[in-house]
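**Student:** need a structure here:
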Amino acid sequence: MTKIDGAAALKRRRRRTALVGWSFILPNLVGFAALTLVPVGATLLLAFTDWNSYDTPHWIGFDNFQRMWDNDNFWTALSNTAWYAAGHIPLTMAASLGLAVLLNQKLRGVAFFRTAFFFPYITSLVAVAVVWNMLFSPDAGPVNQLLRAVGVAHPPGWTTDTDWALPAVVITSVWRDMGYYMVLYLAGLQAIPAELYEAARVDGAGPWKRFWHVTVPSLRPTTFFVLVMLTVSSFKVFDLVQVMTEGGPGRSTLVLSQLIFREGITQGRFGYSSAISLVLFLIVLIITVTQFRFQRRSER
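**Tutor:** This next block holds a predicted model:
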């Protein structure tokens, strides 16, 4: 066989390999393009239009963003979203890390407890919200009954109180999410070499020092991943708030995703809701990029 024939055969083999690879990728790629890329591109264009889904979109430039700037609902939703993220992210990280450390020990029934703490994450979110609404019932809820039993004369109204509705949502979301992130931390803990703990123990480090000087630094990649995931999920929270409080009482739990839903699906102002979606995307993008930059700087 000549060199030309060999080169042609190699080229055909490479082409066949590429076609096989594309045949595996194409179904998922088509679905991703149709259900994600195209809607994202359409949202970017619609943010600069006035469209109610029936008439032809009209280009209005930055009018939607000016309206957003002057709209008190947007600033309330942005503030509530930020407060939700400020409570949900650190509490979930602390709870999941604490559970992971406890359930990484050699205990009887540890597999059962791991499953029990993970189970809420795979439970229907609607069911979770309904159950916690019952627990937070101001009059007959077990939470307030327990508070009265320990001497709290006037317990919070929780989801019926403008001051306590958002903390109630945060508590529920932390309880639901901590099991999933506990699994991630467990994987990180089990990847830490036992020799590091042995060396620290030989040097006289107690449990607390071993935790801060061995466990926490070794979990830095896992913690960064958890932080990014929690940041994204916190800023796009919708379903839990919608089922538990519907944004109320008043606007005390109105978040950006819910405002997008109201303006677009309920009111039919798809151009304006697309503008809010674009702002939410940019906020999450800026925060995520900042987190990556801090992570790279800390690794140097």
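**Student:** any idea which helix or strand comes after the lowest-mean-pLDDT helix or strand in the chain?
**Tutor:** Using mean pLDDT, DSSP states H and E, the weakest-scoring helix or strand in the chain turns out to be helix 3-32, at a mean of 80. Using DSSP states H and E, the helix or strand that follows helix 3-32 towards the C-terminus is helix 38-46.
**Student:** May I see the buried residues of that next one?
**Tutor:** For helix 38-46, a neighbour-count test (16 or more other C-beta atoms under 10 Å) marks 43, 46 as buried. In short, each C-beta sits where N, CA and C put it, glycine included.
**Student:** mind listing what the helix or strand that comes right after it pairs with, with the direction of each?
**Tutor:** Sequence order places strand 49-50 as the next helix or strand after helix 38-46, per DSSP H and E. If you go by DSSP bridges, strand 49-50 pairs up with strand 58-59 (antiparallel).
**Student:** For the helix or strand just after the strand it pairs with, list the C-alpha coordinates in CSV.
**Tutor:** As assigned by DSSP H and E, the chain's next helix or strand after strand 58-59 is helix 63-70. Provided in CSV are the C-alpha atoms of helix 63-70 (Å, rounded to 0.1, in the frame of the first residue of the first chain):
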residue,chain,number,x,y,z
ASP,A,63,-36.7,51.8,28.2
ASN,A,64,-37.3,48.5,30.1
PHE,A,65,-34.1,49.1,32.1
GLN,A,66,-35.1,52.6,32.9
ARG,A,67,-38.5,51.4,34.0
MET,A,68,-36.8,48.8,36.1
TRP,A,69,-34.6,51.4,37.7
ASP,A,70,-37.7,53.5,38.7
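**Student:** Can you tell me what sits against helix 63-70?
**Tutor:** Residues from elsewhere that reach helix 63-70 (C-beta atoms under 8 Å, 6 or more residues apart in numbering): 47-48, 50, 74, 271-272, 274-276, 279.
**Student:** circling back to that earlier point, helices and strands around the least confident helix or strand of the chain, which ones?
**Tutor:** For helix 3-32, there is no helix or strand it packs on, judged by 3 or more C-beta pairs under 8 Å, 6 or more residues apart in numbering; DSSP states H and E.
**Student:** Could you shift the numbering so residue one becomes 55, and keep it that way?
**Tutor:** Right, with 55 as the first residue, what we last looked at is helix 57-86.
**Student:** now it against helix 92-100, angle please.
**Tutor:** Angle, helix 57-86 to helix 92-100, by axes from the mean of the first three to the mean of the last three C-alpha atoms, to 10 degrees: 70 degrees.
**Student:** Return the set of buried residues in helix 57-86.
**Tutor:** Buried, per 16+ other C-beta under 10 Å, within helix 57-86: nothing.
**Student:** chain center to it: distance?
**Tutor:** 37 Å (C-alpha atoms, centre = their mean, to the nearest Å).
**Student:** now swap in stretch 320-333 and tell me
**Tutor:** 21 Å.
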